[in-house]
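S.K.: give me a 3D structure for the following:
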Amino acid sequence: MINYLIIKIKNSQELALFSVTALLLFLLMFFLGTTTLAIKFILIIIIGLIPVFFKKPIIFLYFLFLVTPSLRVLTRDELIFQNYGINFNVLIHLSLLFYGSLMAWRSRSQLLVYVKKYQFISYFAVFLFLSGASIFYSLDRPSTLDQFVRLCSSSFGIFFFALLAINTRKDFYNLIYCIVLGLIVPSIVGYYEFFAGTGWYDPSMRTYRIDSTFTHPVIFSGYLLLAMPILYALVEDKIKNRVKVGLFAFLGNNLFFVIASLTRGIWNAGAAMLLVFGGIKSRKTLVAGILIFVLTFMFIEPLKQRVYDTFRPSPDSSFQTRLDIIKTTFPAFWSAPFLGYGFGAFEVIHLRYNEDARFWPSLQAHNDYLRILIELGVIGAILYLSIFISLLLLIRRLYLGADSKELQNYYFSLVLIWIAAGTISLSDNFLRIVEFQQIAWAYTGAVLAFGLVKKESTHKKR
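M.R.: Sure, this is the predicted structure:
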């Protein structure tokens, strides 16, 4: 009876429930100072909500984007259970795989239709197969398995999850507003770090940078950047003016943190988005964006230092480190040019070709194209690029064929997100950062599903 009543609660009550859950977990995590206790509590919450999620899996998607951005910092610690480490990401990956598989099984006939309908899914499936099969020749099999599970759950899996779960206009907008509302707590913590002068310490800059409830400034600012096209689409939508005021405030908030995070890779992605948006939609926005950059460059010293460091990098700067990684590891490509060394094996190659890297805080590639080229060879790189290109071509075709401005806005926001994703991949680990994967792929699946809902609604009216 209790489960029945929970399942029947209204969407507004669901949002309130998950908002309170996020706040309680956040307070527990920061004020009790025991992250493993918080993980235990999250585990209890997830288990307790299984009847709700099982009955209606889309509620898990709401939960994922409304609550979990406030708790990403928990990935720094693990709960040890029977000699196995369980952290926050493991819980999310396993939950995504379970509920995504449940949704796929329930909608298996529809799933096959989508596979035939969208060509980029075929490229993605082959890329996924190659990534998994590489475990047989990988230099780092545990890492291959770990990265393969991430790929299955937080990109391919969550895409299909959203695509199959969104069946009505209401489903779509509930998910979108959960994404937006999920930005509130991270933003509050971000402002606290900004004014308190705390956060993530960057030894190359000798200063603290804002990471909020995430584990790194790149993840925090990148997540907010990827949410900006979603906010844009909502602003352009036919909604009440008072709601638009709030959305504009969110856009300003996100822009502030993208700049204040002092993250060059995210700045580059933002610049790419701005160029596309200005070239297609609004020249005024392009000019305003350039003006904002010039003013911040003139008056904000840390930002000025980051820009100067790009052209005259110091030996210990992150930009110089990225250049060194490319220089030292690329020769490994010629020893295994076709299939690479196995998905997730880049860190082994990095150590093999640069022994000094064992003293570095991270052995990651910080460049997805370099990483894929070395881990999966030319074949993997071609497949990876084919996913991006075919997806952008699909969105362009859908944009041009859309019969409403509302739908065009959401398709265009997808273009901006994937332009940003492709740019982030040049200087950071887009493919490895699950927060980026989840918001990009879930939103992609949701928008494609919304397009089908709108098309079906139009046919019924005729």
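S.K.: tell me how many other residues crowd Tyr118.
M.R.: 16 (other Cβ atoms under 10 Å). Every residue, glycine included, has its C-beta placed from N, CA and C.
S.K.: how about it, nearest residue that isn't a chain neighbour?
M.R.: Leu394 (6.2 Å; Cβ to Cβ, 6 or more residues apart in numbering).
S.K.: which SSE is that neighbour in?
M.R.: helix 368-401 (DSSP states H and E).
S.K.: mean confidence score for that helix?
M.R.: Mean per-residue pLDDT for helix 368-401: 94.
S.K.: what is it packed up against?
M.R.: Using 3 or more Cβ pairs under 8 Å, 6 or more residues apart in numbering; DSSP states H and E as the contact test, the elements touching helix 368-401 are helix 119-133, helix 318-329, helix 346-353, helix 405-427, helix 434-461.
S.K.: among those helices, which is nearest Gly278?
M.R.: helix 405-427 (11.2 Å; Cβ to Cβ).
S.K.: ok, Thr168 touching Val453?
M.R.: Yes: if you go by Cβ atoms under 8 Å, Thr168 and Val453 touch, sitting 6.4 Å apart.
S.K.: those two: who's more crowded?
M.R.: Neighbours were counted for Thr168 and for Val453 using other Cβ under 10 Å; Val453 has more, 18 against 13.
S.K.: okay, that one and Ile210: tell me how far apart.
M.R.: Using Cβ to Cβ, to the nearest Å, one gets 38 Å for the distance from Val453 to Ile210.
S.K.: ditto for Asn354
M.R.: Asn354 is 30 Å from Ile210, by Cβ to Cβ.
S.K.: between these two, which one's more packed in?
M.R.: Comparing Asn354 with Ile210 by other Cβ under 10 Å, the one with more neighbours is Ile210, at 24 against 16.
S.K.: that one and Leu262: what is the separation?
M.R.: Here Ile210 is placed at a distance of 8 Å from Leu262 (Cβ to Cβ).
S.K.: then Tyr384?
M.R.: 29 Å.
S.K.: same question for Arg358.
M.R.: 27 Å.
S.K.: what about those two, which has more around it?
M.R.: A count of neighbours by other Cβ under 10 Å puts Leu262 above the other of Arg358 and Leu262, at 20 against 9.
S.K.: what about Pro229, distance to Ala133?
M.R.: For Pro229, the distance to Ala133 - Cβ to Cβ - is 34 Å.
S.K.: and the two? which has more neighbours close in?
M.R.: Pro229 (23 against 16).
S.K.: returning to that earlier point: the helix holding Leu394 to helix 434-461, inter-axis angle?
M.R.: Calculated by axes from the mean of the first three to the mean of the last three Cα atoms, to 10 degrees, helix 368-401 forms an angle of 20 degrees with helix 434-461.
S.K.: Ile219: what secondary structure?
M.R.: helix (DSSP: H, G, I helix; E, B strand; the rest coil).
S.K.: low-confidence stretches in the stretch 101-250 of the chain?
M.R.: 238-240 (pLDDT under 70).
S.K.: tell me the contacts of Val115?
M.R.: 121-122, 125 (Cβ atoms under 8 Å, 6 or more residues apart in numbering).
S.K.: try Tyr443
M.R.: Applying Cβ under 8 Å, 6+ apart, the residues near Tyr443 are 162, 179, 230, 413-414, 417.
S.K.: can you check Ser318 too?
M.R.: Here Ser318 is in contact with 204, 264 (Cβ under 8 Å, 6+ apart).
S.K.: could you do the one 3 residues further on as well?
M.R.: Under the criterion of Cβ under 8 Å, 6+ apart, the neighbours of Thr321 are 360, 366.
S.K.: redo that, cut-off 6 Å
M.R.: Residues near Thr321 by Cβ atoms under 6 Å, 6 or more residues apart in numbering: none.
S.K.: quick revisit: dump the helices and strands packed on helix 368-401 to CSV, plus distance to Gly197.
M.R.: Output for the helices and strands packed on helix 368-401, formatted as CSV (distance: least, Cβ to Cβ, whole Å):
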stretch, distance to Gly197
helix 119-133, 42
helix 318-329, 20
helix 346-353, 33
helix 405-427, 26
helix 434-461, 25
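S.K.: nearest to Ser155, of these?
M.R.: helix 434-461 (4.5 Å).
S.K.: off-centre distance for the closest one?
M.R.: Its chain's average C-alpha position is 16 Å from that of helix 434-461, according to Cα atoms, centre = their mean, to the nearest Å.
S.K.: for it, which positions count as buried?
M.R.: Buried residues in helix 434-461, defined by neighbour count with 16 or more other Cβ atoms under 10 Å: 434-454.
S.K.: what is the burial count for the residue nearest to Tyr123 when sequence neighbours are not counted?
M.R.: Using Cβ to Cβ, 6+ apart and skipping residues adjacent in sequence, the residue nearest Tyr123 is Ser386, 4.4 Å away. For Ser386, the count of nearby residues is 17 (other Cβ under 10 Å).
S.K.: any idea how far Ile325 is from Ser386?
M.R.: In terms of Cβ to Cβ, Ser386 sits 25 Å off from Ile325.
S.K.: and if you look at Asp368?
M.R.: 13 Å.
S.K.: the helices in the stretch 201-350 of the chain, which residues?
M.R.: 217-236, 241-260, 264-280, 283-299, 301-311, 318-329, 346-353 (DSSP state H, counting those that start in this stretch).
S.K.: check which helices and strands the second one sits against.
M.R.: Just to be clear, that refers to helix 241-260. For helix 241-260, the packing partners by 3 or more Cβ pairs under 6 Å, 6 or more residues apart in numbering; DSSP states H and E come out as helix 217-236.
S.K.: one more pass at 7 Å, please.
M.R.: helix 184-196, helix 217-236 (3 or more Cβ pairs under 7 Å, 6 or more residues apart in numbering; DSSP states H and E).
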